[in-house]
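Asks: Predicted model and sequence below, questions to follow.
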Amino acid sequence: MSSAPSTSSAAAVIPDTTSTRQYIGAWSVLSVLQYFAAEAAVILAWAGPQPYDLRTGYISDLGALRCGVFDGRSVCSPLNWLMNASFVVQGLGMLLGALLLSSGLLCVAALAGARVQRRRPWLAAVWVRLLTGTAGAGTVIVGLVPEDAGSGWHYTGAVMYFISGAAALLVLGFLWLRKTAMAWFILACGAVSLAALVTGGLTRMAVPEPGTLERLMGYPVTVGMAAAGLVIAQRVHRHRKLVRAAAAQGSGPVKEEFPEVR
């Protein structure tokens, strides 16, 4: 006579790693990489009195609506619309990822067949989604309200992106330890971003290369998010492919067993 399953086992969940929802969510997060192509194009079109310098120029200067002097800097970005559109697309990608990627999937780093308990890992994954969504909302605000629009919302949006993005990567990196080697890279991205953010706050950006410092705040968030999206997209794609192959051969569902995630 078999014993009844324990409460712990009954509470375990095996996240669906083949759904279209998860696949779209992963690619949405991965799409943040478009930012680098947009930034490069906008820099090439820069028409200020001096060439744009990545080391001293603020990122938001590329989205300034008017040519002239802003906050003591000469700015002129004819492709400001492209930069601002890129901010919005980047933010929407993060927001969509936060909505579509389930907490269970994030708990197990998209490992097919892995079980997870609705306890601390689940709560950490929920925080990753909330922080990622907040960072995405922040960069959408940055794109909709350029620095010279006369509103404090631009600064607020930038702070939301930097703080929430770095925090999301740190939580996700710790959550993914022993599930993927990419966890260490994601942790490093979060740590670099946070260290640069603290430095910027303490110095009020009064450093020889403010552009470099700001990029150390922002670039790691973009790259770290893309790395997370890549891990999920690859694993979901692989499992979907195996399931389709098994279905075509009539061998039944593919089952992969992994330790339970607590």
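Replies: Structure received.

Asks: just checking, what packs against the longest helix along the chain?
Replies: Counting residues, the longest helix in the chain under DSSP state H turns out to be helix 210-249. Judged by 3 or more CB pairs under 8 Å, 6 or more residues apart in numbering; DSSP states H and E, helix 210-249 is in contact with helix 20-30, helix 80-100, helix 153-175, helix 182-203. Backbone N, C-alpha and C define where each C-beta goes, glycine included.

Asks: tell me the mean pLDDT over the last one?
Replies: To tie it back to what came earlier, the one meant is helix 182-203. Average pLDDT, helix 182-203: 98.

Asks: and the direction of it versus that of helix 153-175, what angle?
Replies: Orientation check (axes from the mean of the first three to the mean of the last three CA atoms, to 10 degrees): helix 182-203 against helix 153-175 gives 140 degrees.

Asks: if we can go back for a sec, tell me the buried residues in the longest helix of the chain?
Replies: Going by neighbour count (16 or more other CB atoms under 10 Å), the buried part of helix 210-249 is 210-211, 213-233, 235-237, 239-240.

Asks: Return the distance of that helix from the chain's centre.
Replies: 9 Å (CA atoms, centre = their mean, to the nearest Å).

Asks: what angle sits between that helix and helix 20-30?
Replies: Using the same axes, to 10 degrees, helix 210-249 lies at 160 degrees relative to helix 20-30.

Asks: Please identify the buried residues of stretch 108-122?
Replies: Applying 16+ other CB under 10 Å to stretch 108-122 flags 108-112, 114-117, 121-122 as buried.

Asks: what's the burial count for residue 74?
Replies: Residue 74 is flanked by 12 other residues according to other CB atoms under 10 Å.

Asks: Next up, identify which helix or strand it is on.
Replies: Element membership for residue 74 (DSSP states H and E) is strand 73-75.

Asks: neighbouring strands for that strand, and are they parallel or not?
Replies: Strand 73-75 has its sheet partners listed here by DSSP bridges as strand 68-70 (antiparallel).

Asks: and the strand it pairs with, which residues are buried?
Replies: So, applying 16+ other CB under 10 Å, buried residues of strand 68-70: residue 70.

Asks: Of the buried residues of stretch 108-122, which one scores lowest on pLDDT?
Replies: Comparing pLDDT over the buried residues of stretch 108-122, the lowest score belongs to residue 117 (75).

Asks: Quick check: phi and psi on that one?
Replies: The phi and psi values for residue 117, taken as degrees, to the nearest 10, are phi -90, psi 140.

Asks: cool, and residue 118?
Replies: Torsion angles, degrees, to the nearest 10, at residue 118: phi -80, psi 60.

Asks: And residue 13, by the same measure?
Replies: Main-chain torsions, residue 13, degrees, to the nearest 10: phi -120, psi 140.
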